[in-house]
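A.B. asks: Just the structure for this:
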Amino acid sequence: MKFMFILSELFCGQSSLRTLKNRLLNERKECGVHICRYIFLKHDSSFLHFNHFATDVTKQGFTNYTGWKRNSLTPKTTIFPCPGCEHNVDLGERGINGLFRNFTLETIVERYRQAARAATAIMCDLCKPPPQESTKSCMDCSASYCNECFKIYHPWGTVKAQHEYVGPTTNFRPKILMCPEHETERINMYCELCRRPVCHLCKLGGNHSNHRVTTMSTAYKTLKEKLSKDIDYLIGKEGQVKSQISELNLLMKETECNGERAKEEAITHFEKLFEILEERKSSVLRAIDASKKLRLDKFQTQVEEYQGLLENNGLVGYAQEVLKETDQSCFVQTAKQLHLRIHKATESLKSFRPAAQTSFEDYVVNTSKQTELLGELSFFSSGIDVPEINEDQSKVYNNALINWHHPEKDKADSYVLEYRKINKDEEMMPWNEIEVCGTSKVVSDLEENCHYAFRVRAYKGSICSPCSRELILHTPPAPVFSFLFDEKCGYNNEHLLLNLKRDRVESRAGFNILLAAERIQVGYYTSLDYIIGDIGITKGKHFWAFRVEPYSYLVKVGVASSDKLQEWLHSPRDAVSPRYEQDSGHDSGSEDACFDSSQPFTLVTVGMKKFFIPKSPTSNEPENRVLPMPTSIGIFLDYDKGRVSFYDMDHMKCLYERQVDCSHTMYPAFALMGSGGIQLEEPITAKYLDYHEDM
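C.D. replies: Model (predicted):
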């Protein structure tokens with residue numbers, strides 16, 4: 001926008017080139033080289049002036065421009081740094097003369113110029129004094145007219161009546177885009193390879209002879225549609241851009257606050273170090289002063305003792321006075337003790353030894369270790385370890401259960417769980433935050449069939465740890481369908497064992513065979529025991545999940561139709577019944593080679609830690625039909641479209657899908673052969689989570 005106002009002031013005569021140069025130097029980052037190029041294109045008659053201007057600007061760090069003087073014998077080279085990619089662009093020998101005129105930019109500048117001179121009217125060029133205000137300008141006559149003069153000089157029915165006229169303007173330059181390589185040829189084609197307009201000579205024998213070109217009208221229509229779509233997309237994303245700007249502003253404020261808080265905490269830590277150093281400094285200095293005083297006292301005492309040995313001073317003087325005593329008894333009484341003192345003083349003279357040491361080597365402070373530690377002083381997660389999300393214990397079903405581990409659980413006051421939806425069209429979605437006191441949280445109100453990113457950080461007072469590594473989870477493609485096993489409809493209590501909650505069933509394989517061991521004959525028929533859900537589906541989309549125990553020999557899972565289920569329940573249970581299948585113990589999925597109408601279920605086979613995909617009857621293409629058994633299997637039934645899909649719950653990936661007849665009520669269906677077990681996934685609820693937290 002500043003670029004446009006600067007141009008409008010230039011072409012309206014409100015700013016001189018020198019003034020413009022100074023303003024460009026202040027706005028160099030926003031205006032860039034486009035200003036220089038445009039000034040030259042608009043004022044190509046004053047090239048030397050522009051060359052001096054560009055060189056002057058170069059000296060002040062605005063841009064790099066390698067120009068040339070007129071009549072120079074050196075090769076003509078012109079290099080401009082591209083403001084977009086910041087690489088130098090060589091304009092070739094023609095230099096700036098090889099550039100197209102930017103008529104679009106001229107039009108924009110003309111709009112600003114008209115807005116700038118709105119208060120100053122353009123007068124008629126043909127009126128007698130005083131001139132009237134013009135109402136239109138003729139591009140062919142290069143003159144402005146009032147209504148009366150325009151009628152006089154452009155009478156109806158004459159050639160001048162066909163002239164092109166516009167609103168009042170002073171810009172009468174013809175808007176004809178000429179080819180920079182062939183100056184007399186107009187631009188009439190568009191090179192799709194070089195993405196630039198060309199003339200017919202460029203296509204016939206020029207640099208674009210082997211390039212694919214299109215008509216200007218086609219290029220105009222295509223580029224206008226693309227630009228319109230881009231503009232519509234940006235306008236449609238105005239709310240998103242504003243929300244992201246608001247989020248960025250909040251992040252800037254939060255960053256500023258956190259930065260100031262981090263500075264205060266760092267200053268506090270350093271002040272504590274300073275206090276400790278000051279205390280240790282005072283203690284060391286007091287110890288040195290005490291030792292120094294003690295040693296000086298010892299030296300002073302020793303000096304006084306030795307001074308007493310001098311004549312007329314101390315011991316010697318006292319001994320001399322004692323010798324003057326004539327009374328023998330008194331002399332003997334005093335001389336004995338005096339003799340011992342003199343003898344002791346004499347011995348000290350023979351072996352002189354200072355009373356204390358002058359060196360303070362034992363009071364040297366060793367700071368090498370502390371210096372090394374201070375040199376390694378750096379930031380360390382604000383003193384709080386980063387929590388890690390437990391991927392094995394975190395899952396998504398009807399809601400998302402996020403569980404994390406923190407090595408310093410007692411040192412964190414609370415946690416903040418952040419999550420956001422991952423959208424392919426929108427790179428960045430705002431994070432939603434939930435404050436949590438424990439180390440797990442249930443997140444509800446998630447959209448179906450979407451990817452969500454989760455992360456967590458710990459708080460200790462005002463100190464925050466860095467965010468954990470993000471965990472990506474994919475929500476189910478439909479609402480969760482809650483049901484339990486039905487122990488009434490076709491349930492075989494001799495072979496199947498159902499728990500009290502009716503969410504787990506096990507097959508007691510071999511128990512009846514052992515009891516009837518005497519009656520076992522060759523060709524014994526192994527039974528396939530079925531069990532269904534207690535709630536039927538009559539419309540909508542539904543999703544449910546379950547786990548097949550790894551030790552299971554053969555388990556079939558899918559959906560059952562109520563009409564076929566009734567036929568099956570009323571059929572005799574013998575070798576021809578669909579409840580009994582002769583099996584060699586090895587299941588290859590061959591029984592699913594075709595969709596037998598007599599079967600009451602639409603099933604896939606799971607067993608021996610493998611997932612067997614049925615073979616399609618309409619295609620003989622080789623495909624990977626045997627996959628590793630997922631930890632948890634999901635089934636998605638779209639009743640309205642008549643389609644059932646089987647999912648790997650770990651990655652929410654569709655493994656197999658097929659059409660199914662949904663003209664009647666559909667039930668979740670399961671079948672077990674041999675040892676096996678099926679556990680329904682429990683919906684994740686707040687009550688379920690609280691129960692586990694209490695445990």
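A.B. asks: can you give me the strands for the stretch 51-200 of the chain?
C.D. replies: Counting by DSSP state E, counting those that start in this stretch, residue ranges of the strands within the stretch 51-200 of the chain are 79-81, 88-90, 136-138, 143-145, 165-166, 189-191, 196-198.
A.B. asks: what about Lys298, which SS state?
C.D. replies: State at Lys298, reduced to three classes by DSSP: H, G, I helix; E, B strand; the rest coil: helix.
A.B. asks: tell me the most buried of the strands of the stretch 51-200 of the chain?
C.D. replies: strand 143-145 (a mean of 22; mean count of other C-beta atoms under 10 Å). C-beta: built from backbone N, CA, C; applies to glycine.
A.B. asks: So which elements touch that strand?
C.D. replies: strand 136-138 (3 or more C-beta pairs under 8 Å, 6 or more residues apart in numbering; DSSP states H and E).
A.B. asks: Check which helices and strands the strand it packs on sits against.
C.D. replies: Using 3+ C-beta pairs under 8 Å, 6+ apart: strand 136-138 touches strand 143-145, strand 165-166.
A.B. asks: Tabulate these (a markdown table), appending distance to Leu193 and mean pLDDT.
C.D. replies: Below are those laid out as a markdown table (distance: least, C-beta to C-beta, whole Å; pLDDT from 0 to 100):
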| stretch | distance to Leu193 | mean pLDDT |
| --- | --- | --- |
| strand 143-145 | 43 | 89 |
| strand 165-166 | 36 | 80 |
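A.B. asks: Switch those over to CSV; also include distance to Ile152.
C.D. replies: Putting the helices and strands packed on strand 136-138 into CSV (distance: least, C-beta to C-beta, whole Å) gives the following:
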stretch, distance to Ile152
strand 143-145, 9
strand 165-166, 14
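A.B. asks: quick revisit: which stretch among the strands of the stretch 51-200 of the chain comes nearest Leu294?
C.D. replies: strand 79-81 (77.0 Å; C-beta to C-beta).
A.B. asks: I'd like the next helix or strand past whichever strand or helix holds Ser246.
C.D. replies: Assigned by DSSP states H and E, Ser246 falls within helix 238-307. The helix or strand immediately downstream of helix 238-307 is helix 315-323, counting by DSSP H and E.
A.B. asks: May I have that following helix exported as CSV, CA atoms only?
C.D. replies: C-alpha atoms of helix 315-323 as CSV (Å, rounded to 0.1, in the frame of the first residue of the first chain):
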residue,chain,number,x,y,z
LEU,A,315,65.4,-10.6,82.3
VAL,A,316,69.0,-9.3,82.0
GLY,A,317,68.3,-6.2,84.0
TYR,A,318,66.5,-8.2,86.6
ALA,A,319,69.5,-10.6,86.9
GLN,A,320,71.9,-7.8,87.2
GLU,A,321,70.0,-6.3,90.1
VAL,A,322,69.8,-9.7,91.8
LEU,A,323,73.6,-10.0,91.7
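A.B. asks: Identify each buried residue in it, please.
C.D. replies: Of the residues in helix 315-323, Leu315 count as buried by neighbour count, 16 or more other C-beta atoms under 10 Å.
A.B. asks: doesn't Asn207 fall inside a helix?
C.D. replies: No - assessed with three-state DSSP, Asn207 is coil; it does not lie in a helix.
A.B. asks: What does the pLDDT read for it?
C.D. replies: pLDDT recorded at Asn207 is 79.
A.B. asks: out of the helices and strands packed on strand 136-138, nearest to Glu506?
C.D. replies: Among those, the nearest to Glu506 by C-beta to C-beta is strand 165-166 (88.7 Å).
A.B. asks: before we move on, back to that, okay, the strands of the stretch 51-200 of the chain in CSV with distance to Lys501 next?
C.D. replies: Output for the strands of the stretch 51-200 of the chain, formatted as CSV (distance: least, C-beta to C-beta, whole Å):
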stretch, distance to Lys501
strand 79-81, 73
strand 88-90, 74
strand 136-138, 88
strand 143-145, 92
strand 165-166, 84
strand 189-191, 72
strand 196-198, 73
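A.B. asks: which stretch among these comes nearest Pro387?
C.D. replies: Distance to Pro387, taken as C-beta to C-beta, is lowest for strand 79-81 among the strands of the stretch 51-200 of the chain, at 47.3 Å.
A.B. asks: tell me the mean pLDDT over that closest one?
C.D. replies: 70.
A.B. asks: Ok, stretch 554-571 next?
C.D. replies: 82.
A.B. asks: And for stretch 613-621?
C.D. replies: For stretch 613-621, mean pLDDT rounds to 63.
A.B. asks: show me the contacts for Thr170.
C.D. replies: Listed by C-beta atoms under 8 Å, 6 or more residues apart in numbering, the contact set of Thr170 reads 122, 137, 144.
A.B. asks: For the second one, name its beta-bridge partners.
C.D. replies: Which is Ser137. On the basis of DSSP bridges, Ser137 is bridged to Ser144, Val166.
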